[in-house]
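*Asks:* Need the 3D shape of this:
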Amino acid sequence: MGDHRPPLKRSYVGQLDNDLGWTLTHAHFIQMGGFMLFEGKEAKGTLSPECFDELLRKGTIEAPTITQTEIQDRSKGDGLSKGLVVVQTTWFVIQCIARKAQGLDMTQIELLTLALSTLNGAM
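*Replies:* Coordinates of the predicted model:
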């Protein structure tokens, strides 16, 4: 199923920042499995923060030299897709309000979706 990793400790992130000049963006990138381990041209798997740290300390691997800008450029969300999500969510919320004003019932999944979109908007 999903690869559940514990959150990075603040001290670990601070240590990477001191040692490698990394930012919180780098820490999030490694936490999401952004770095792969290669042996020659063959991919061996993604590096967990713990595995990355161990291999780095042993000198088995070199620290990646990716910048914060390069990581952000790999983001799959552009302005258009984010704008469409905002428009679609706003439309859904308006529809829910209109249904309530007309006295129509809402399904449980619609209520859950409305609650989650409200929480997401609050963040």
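*Asks:* any idea how far Ala122 is from Glu110?
*Replies:* Remark: distance between Ala122 and Glu110 (Cβ to Cβ, to the nearest Å) = 19 Å. All C-beta atoms are positioned from the backbone trio N, CA, C, and that covers glycine.
*Asks:* helices and strands of this protein: which one bottoms out on pLDDT?
*Replies:* Least confident helix or strand, the chain: helix 10-20 with a mean of 55, by mean pLDDT, DSSP states H and E.
*Asks:* Which SSE is immediately downstream of it?
*Replies:* The C-terminal neighbour of helix 10-20 among helices and strands, as given by DSSP states H and E, is helix 24-31.
*Asks:* Can you dump the C-alpha atoms of the strand or helix carrying Glu70 in PDB for me?
*Replies:* Remark: Glu70 resides in helix 68-73, with elements defined by DSSP H and E. What follows is the C-alpha trace of helix 68-73 in PDB, where atoms were taken according to Å, rounded to 0.1, in the frame of the first residue of the first chain:
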ATOM      1  CA  GLN A  68      15.500  25.000  -4.300                       C
ATOM      2  CA  THR A  69      14.600  26.600  -7.700                       C
ATOM      3  CA  GLU A  70      15.200  23.300  -9.500                       C
ATOM      4  CA  ILE A  71      13.000  21.400  -7.100                       C
ATOM      5  CA  GLN A  72      10.200  24.000  -7.400                       C
ATOM      6  CA  ASP A  73      10.500  23.900 -11.200                       C
END
